[in-house]
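Visitor: Structure for this input, please:
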Amino acid sequence: MRYDIIIRGGLLFDGSGAAGRLGDVAAKNGRIAALAPVIADEAVREIDARGLAVAPGFIDIKTHSDFVLPINPTADSKVRQGVTTEIIGHCGFSIAPVLPGKVDLLKDYLSASAPWLPFRETSFGGYLDSFPATSVNAGMLVGHNTLRLMVMGMDRRAPTAVELDHMIALLEEALDAGALGLSSGLFTAPGCYAEPSEMVALARVLKRRNALYFTHLRDESNHVLEAVEEAIEIARTCGIHVEIVHLKCSGTDNWGKTPRILARLDAARAEGLDIDCDAYPYTAGSNPLKNLLPPWAQAGGMADMLARLRTREVRTRLRDDIARDGFNNWGRLASWDCLRISISPHLPQHAGATIGGLAAARNQDPIDTLCDYLIEDCGATRVLVTSIAEDDVRELMRSGAVFVGSDGNCVSTTGATSGGMPHPRFYGTFPRVLGHYAHTLGLLPLERAIHKMTGGPAKALRLRDRGRLAVGYRADLTLFDPADFEERATYDAPHRYPSGARTTVIVNGTIVVDHASHTGATPGVVLRRAPDGTVGRTPSRAEGTVS
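Guide: Residues are numbered from 1 along each chain as shown. Predicted coordinates for the structure are as follows:
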C-alpha cells in the first residue's frame, strides 16, 4: 500500500496516559491507517521522527479563538504549539446567535475581547455554516451571556417566563445546529444576574439533547468553594457533564485552596457525577478591565457604566468595595501593579503599563486612574491580572484529572492580531506544560502531560475519532522534541512562537506546520454534536452527508 504520510521511528504516545513506545504511523485519506514498530510500505511523504515524541494533536478545550479565527484563519500561535482542535464560545460569550437589531449591542458588549471582529445578524446554524476554513478544527459552544443579552439586554433581574422560553428556544436552535453545549460566565454581567434556577432550566435542555455544560464559576476568589458546589449541584440535579473552565483560586486570601477543590471534585466523581475541569499554567489571568468591577457598576450596559464611572459617589463606593472584597472574580491583589494593560484599542501606547504605574505617572488615586482609563478607552481595555499562587498552579499541572486549556486566542506575529501585549498563554500554554512543568521541573511524566491535552479532553468532549493514536482515527498529529519544546513568549515580549526546529503538526492528514514553519494550509473542520451526544465531522445543512 502507498500511504499519504509515514512518520518513522518516533516515540509514540497514544493519548491514554500510557508510556511511549517506538514505532511508525501511517496516514491515508485523512485518517490514521497503520501503527506498527516498522511499516514497510512507502508514502508520498515520509517524516523522520527519530528523537521526537509523536502524539495525537493537542485539544485546547478552553479558548476564545472565535474572536479571531475569522480574521486569522491560519491560527498561527495555536498550531505552532501543536494544537489541532479548539473549543470556542466559552465563559458565556459567543458570537452567535445575533437577533435582528442586536448587532451593535453584542459588538459593544464584546469590544474588549473582539475589537477587530465584524459582527452580523445570524442564527447559530448560520454562524456554523458560514464559518471560514481554518488551520484547526473548531467545536462551538453557545454562550449564556449572549442568550441573555439577546433576550433581556443587561437587565439585572430574573427572566420572565416568556423570556426564559425565548432563551431556551435560542439554545435549542444552537444545539440542533451542532453546538457542543452551553457555556456560562456567572462571574460578570449579565450572566451573574442569573439565579441557579435559571441555569437549571437551561441545563435540563442540555440533558434532553445529550449536550455539555461549561462554566466559568460564579466566583473564582473569595467564594470559590461555594461556586464549585454550585457547579457540582448542576451535575447532580440535571445529570449532565459539567466542565469547570480555567479552575483557579484567585486573590491572596484564597491561595492554597486548590487541593481542597480537587479533592471535592474527586468525591463528586466517586459519587457518579460527570464533572471535569481544566486550567492554564500561569499565575496571571486576563479579562476585560470592566469585568473586574462589581456587577452593580456594570448594570445597564457600556454607556450606563461609563456614565456611572464619571461620578465621585460611584468612585467612592468602588474604592470601598474593592478595599473590602478585592476585585470581582479576582479577589485581593498584591498591588495595583498586578493589573497590566494588555489590549487598549483607543490608547495602544499604554499596552504593557500597569494601573499602578499609570496612577503614579498621573499623580492619581488608582481608582480614579482605573475609571478614567475605562472612560478614555471607551470601556474596551483588556488587562492581565496576576492573582494566582505558583504552588496552586503546580497542583493543577501535576494532577492527571485537570485538563490543559489555554483560555487564549489564536493570534499571529503579523497582521491584525499582532498588536498589543496579549497574555503569553496565547503562544506558550502547551510547551509550558510539556517543557517547563514536565521536562524541566519533572512535576509529571510526559505521558500524563500529553493525556491532559489529548485523550482526557477528547473523552470529556465525546469526540468520536480524535485525541488518540489509533487506526481509523483522524490524522491529527503533533510531533515535537521533548528536549526542545519550550515557551518563549513572556509578559514583556508575548508575540513569540515556541522553540523547536523540528515541530510538525498534521490536521486531518494535511501538514500544517512543517519543521516549525506554517505551510498556509487550512484543513480544519467545524465539529458538530450528533443527537447521541458524540462529536465529529458532521455535515452542514448545505452539504448533505460527509464522513
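Visitor: Just give me the longest helix of the protein.
Guide: helix 161-177 (DSSP state H).
Visitor: which other helices and strands contact the next helix or strand after that one?
Guide: Next helix or strand after helix 161-177 toward the C-terminus (DSSP states H and E): strand 181-185. Helices and strands touching strand 181-185, by 3 or more CB pairs under 8 Å, 6 or more residues apart in numbering; DSSP states H and E, are strand 137-143, helix 144-152, helix 196-208, strand 212-216. Using the backbone N, CA and C atoms, a C-beta is placed for each residue, glycine as well.
Visitor: what's the longest strand in the protein?
Guide: strand 2-12 (DSSP state E).
Visitor: just checking, what packs against that strand?
Guide: strand 21-28, strand 31-36, strand 42-48, strand 53-56, strand 477-480.
Visitor: in its sheet, what does it sit against?
Guide: strand 21-28 (antiparallel), strand 42-48 (parallel), strand 53-56 (parallel) (DSSP bridges).
Visitor: Tell me which of those strands sits most buried.
Guide: Of all the strands paired with strand 2-12, strand 53-56 carries the top mean neighbour count, a mean of 28, counting by mean count of other CB atoms under 10 Å.
Visitor: And Lys248, how far from Thr258?
Guide: According to CB to CB, to the nearest Å, Lys248 stands 8 Å off from Thr258.
Visitor: Give me the more crowded residue out of those two.
Guide: Lys248 (30 against 24; other CB atoms under 10 Å).
Visitor: Got the phi and psi for that one?
Guide: phi -160, psi 160 (degrees, to the nearest 10).
Visitor: check contacts around it.
Guide: By CB atoms under 8 Å, 6 or more residues apart in numbering, the residues touching Lys248 are Glu220, Val224, Ala279, Gly285, Ser387, Ile388, Asp392.
Visitor: what does stretch 113-126 rub up against?
Guide: By CB under 8 Å, 6+ apart, stretch 113-126 touches 64, 67-68, 70-71, 93-100, 102-103, 106-107, 110, 130, 140, 142, 170, 173-174, 176-179, 288, 343, 345, 380, 382, 416-417, 541.
Visitor: Just the buried residues of those.
Guide: 64, 67-68, 70, 93-99, 102, 106-107, 110, 140, 142, 170, 173-174, 177-179, 288, 343, 345, 380, 382, 417 (16 or more other CB atoms under 10 Å).
Visitor: quick one: which of those residues sit in helices?
Guide: Leu106, Lys107, Leu170, Glu173, Ala174, Ala177.
Visitor: ok so, going back, of the strands paired with strand 2-12, give the one that comes closest to Gly10.
Guide: For Gly10, the closest of the strands paired with strand 2-12 is strand 53-56, at 3.6 Å, according to CB to CB.
Visitor: mean confidence for the closest one?
Guide: Mean per-residue pLDDT for strand 53-56: 98.
Visitor: Same check on stretch 357-374?
Guide: 97.
Visitor: now that stretch, how far from the centre of its chain.
Guide: How far stretch 357-374 lies from its chain's middle: 31 Å, per CA atoms, centre = their mean, to the nearest Å.
Visitor: what's the answer for stretch 272-291, then?
Guide: With CA atoms, centre = their mean as the basis, the mean position of stretch 272-291 lies at 8 Å from the chain mean.
Visitor: cool, and stretch 181-195?
Guide: So, by CA atoms, centre = their mean, the centroid of stretch 181-195 is 16 Å from its chain's centroid.
Visitor: any idea how far Arg502 is from Ala521?
Guide: 18 Å.
Visitor: OK, contacts around Thr386?
Guide: Going by CB under 8 Å, 6+ apart, Thr386 touches Thr283, Ala284, Leu333, Ala334, Cys338, Arg340.
Visitor: I'd like the residues you listed as a markdown table, with distance to Arg319 appended.
Guide: Compiled in a markdown table, the contacts of Thr386 are given as follows (distance: CB to CB, whole Å):
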| residue | distance to Arg319 |
| --- | --- |
| Thr283 | 26 |
| Ala284 | 24 |
| Leu333 | 14 |
| Ala334 | 18 |
| Cys338 | 17 |
| Arg340 | 21 |
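Visitor: Which neighbouring elements make contact with the lowest-mean-pLDDT helix or strand in the chain?
Guide: Lowest by mean pLDDT, DSSP states H and E among the helices and strands of the chain is helix 295-298, with a mean of 92. For helix 295-298, the elements it packs on are helix 302-309, judged by 3+ CB pairs under 8 Å, 6+ apart.
Visitor: Would you tell me what the next helix or strand after the helix it packs on is?
Guide: As assigned by DSSP H and E, the chain's next helix or strand after helix 302-309 is helix 312-325.
Visitor: what's that following helix packed up against?
Guide: helix 366-376.
Visitor: Can you give me the buried ones in the helix it packs on?
Guide: Using 16+ other CB under 10 Å as the test for burial, helix 366-376 gives Pro366, Ile367, Asp368, Thr369, Leu370, Cys371, Asp372, Tyr373, Leu374.
Visitor: Tell me what angle the longest strand of the chain forms with strand 31-36.
Guide: Relative orientation of strand 2-12 and strand 31-36, computed by axes from the mean of the first three to the mean of the last three CA atoms, to 10 degrees: 60 degrees.
Visitor: residues making contact with strand 2-12?
Guide: For strand 2-12, contacts defined as CB under 8 Å, 6+ apart pick out 20-29, 33-35, 39, 41-50, 52-54, 469, 475, 477, 479, 506, 509, 511.
Visitor: as a whole number, average confidence for stretch 8-21?
Guide: 98.
Visitor: swap in stretch 211-219?
Guide: If you average the pLDDT values across stretch 211-219, you get 98.
Visitor: how about the strands of the stretch 351-500 of the chain, start to end?
Guide: 382-386, 402-404, 477-480 (DSSP state E, counting those that start in this stretch).
Visitor: where does this structure dip in pLDDT?
Guide: 538-547 (pLDDT under 70).
Visitor: Tell me, how many residues neighbour Ser335?
Guide: 11.
Visitor: backbone phi and psi for it, please?
Guide: According to degrees, to the nearest 10, Ser335 has phi -160, psi 170.
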